[in-house]
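[1] no FASTA, just this:
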């Protein structure tokens, strides 16, 4: 068959092809609608997560401000705090190693 040449199709075949095409297109439409509904739900979930994250960040900022108010006025906020109790033994071991290395 040459391109652009007309071909007669029996009416029954044409109706069958059209019905099949309509069915396929309706299935695609339904699948896209399900995807769209899923996307809309995800958008709502993301907005909810964004709101919760924002509230958490605000609570953290308020906690930091509250803790800063507990400091005496001239207290530096640099990392000059004493080591945490669970790190003291590590530092003590490190100093012993330094002392033994210096002795060698």
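    Cool, got the structure. Note that the coordinates shown come from a computational prediction; the quantities given were computed from them, not determined experimentally.

[2] Give me the mean pLDDT for the lengthiest helix in the chain.
    In the chain, with assignment by DSSP state H, the single longest helix is helix 11-70. For helix 11-70, the mean pLDDT works out to 94.

[3] Could you look up the SS state of residue 73?
    coil (DSSP: H, G, I helix; E, B strand; the rest coil).

[4] Report pLDDT for it.
    Residue 73 is assigned a predicted lDDT (pLDDT) of 78.

[5] roughly how far apart are it and residue 64?
    Using Cβ to Cβ, to the nearest Å, residue 73 is found at 17 Å from residue 64. Quick note: C-beta positions are derived from backbone N, CA and C, even for glycine.

[6] Pick out whichever of these two has more residues nearby.
    Taking other Cβ atoms under 10 Å, residue 73 and residue 64 do not tie; residue 64 has more neighbours (10 against 4).

[7] any idea how far residue 38 is from residue 45?
    10 Å.

[8] what does residue 25 give?
    Distance of residue 25 to residue 45, given as Cβ to Cβ: 30 Å.

[9] cool, residue 69 as well?
    In terms of Cβ to Cβ, residue 69 sits 37 Å off from residue 45.
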